[in-house]
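# Sharing a model that was predicted from the sequence below.
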Amino acid sequence: MEIFPRDVLQMQHSWVCAIYCKEDYGGTGLGRLDASIIFEALSTGCVSTTAYISIHKNVEIVFLDSVCAWMIDTFGTKELREKHLPSLASMERFASYCLTEPGSGSDAASISTSAVRKGDKYILNGTKAFISGGGESDVYLVMCRTGDSGPKGISCLLVENGSPGLSFGAKERRLVGTVNLHAP
């Protein structure tokens, strides 16, 4: 049974999908307080869908998508911003934030997924769990270790769906207001 909240696509081309992004790439440039008020109002209709939207833009799926778009806008190269932000802002494409691991939960300092630079690419090895939109998103922002242990050795790499070696476990159902999609 597919439980990915595709109904959020009805919000395409709406300013709500790029709250934190700069206007240059289809965002509104609004701040966290503005977003809090917007997401609080949206959550009165559906907590799960609001959470997704805020990831797409910030940390659950739309929230996560929002966060992901903000991360690309804030820390990404001009090339990454131009390539990904317009389609994330319009929700033509989705993004997932990939931190949680089976052995460390969401403790960023304890992640073991590693990335080693090989020429102009990185070889990424590890397992993530409970990723909102896992298997459905177009872009994954993967927290990984590129340096020493602890919080200072962590980097974030953008991985596009369909990249060689990217795979997903079984979809899981969990209760968040209604039902949300996660993939290990």
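Nice, thanks for sending it over.
# and the one residue sitting closest to the centre of the chain, backbone torsions?
Closest residue to the average C-alpha location of the chain: residue 96 at 2.5 Å, with C-alpha atoms, centre = their mean. In terms of degrees, to the nearest 10, the main-chain angles of residue 96 are phi -130, psi 150.
# these two touch, right, it and residue 137?
Yes: contact criterion C-beta atoms under 8 Å: residue 96 and residue 137 qualify, at 4.1 Å. Yep, even glycine has a C-beta here, placed from its N, CA and C like the rest.
# And the pLDDT for residue 63?
Per-residue confidence at residue 63 stands at 48 (pLDDT).
# In this structure residue 102 contacts residue 131, no?
No: taking contacts as C-beta under 8 Å, residue 102 lies outside contact range of residue 131: 11.7 Å.
# what ranges do the helices span in this protein?
32-43, 47-55, 61-75, 78-89 (DSSP state H).
# closest one to residue 118 among those?
Nearest to residue 118, of all the helices of the chain, is helix 78-89, at 19.4 Å by C-beta to C-beta.
# contacting residues around that closest one?
Helix 78-89 has contacts (C-beta atoms under 8 Å, 6 or more residues apart in numbering) with 17-18, 21, 24-27, 56, 65, 68-69, 72-73, 76, 93-95, 138-139, 158.
# circling back to that earlier point, where among the helices of the chain is average confidence lowest?
The weakest mean pLDDT among the helices of the chain belongs to helix 47-55, with a mean of 66.
# Quick one: distance of stretch 119-136 to the chain centre.
11 Å (C-alpha atoms, centre = their mean, to the nearest Å).
# Report the residue spans of this structure with pLDDT below the cut-off.
1-18, 49, 51-65, 172-184 (pLDDT under 70).
# so what's residue 125 closest to, chain neighbours aside?
residue 114 (5.4 Å; C-beta to C-beta, 6 or more residues apart in numbering).
# Quick check: bridge partners of that neighbour?
Residue 114 forms beta bridges with residue 125, residue 145, as assigned by DSSP bridges.
# Check the spacing between it and residue 83 real quick.
Note on residue 114: its distance to residue 83, by C-beta to C-beta, to the nearest Å, is 25 Å.
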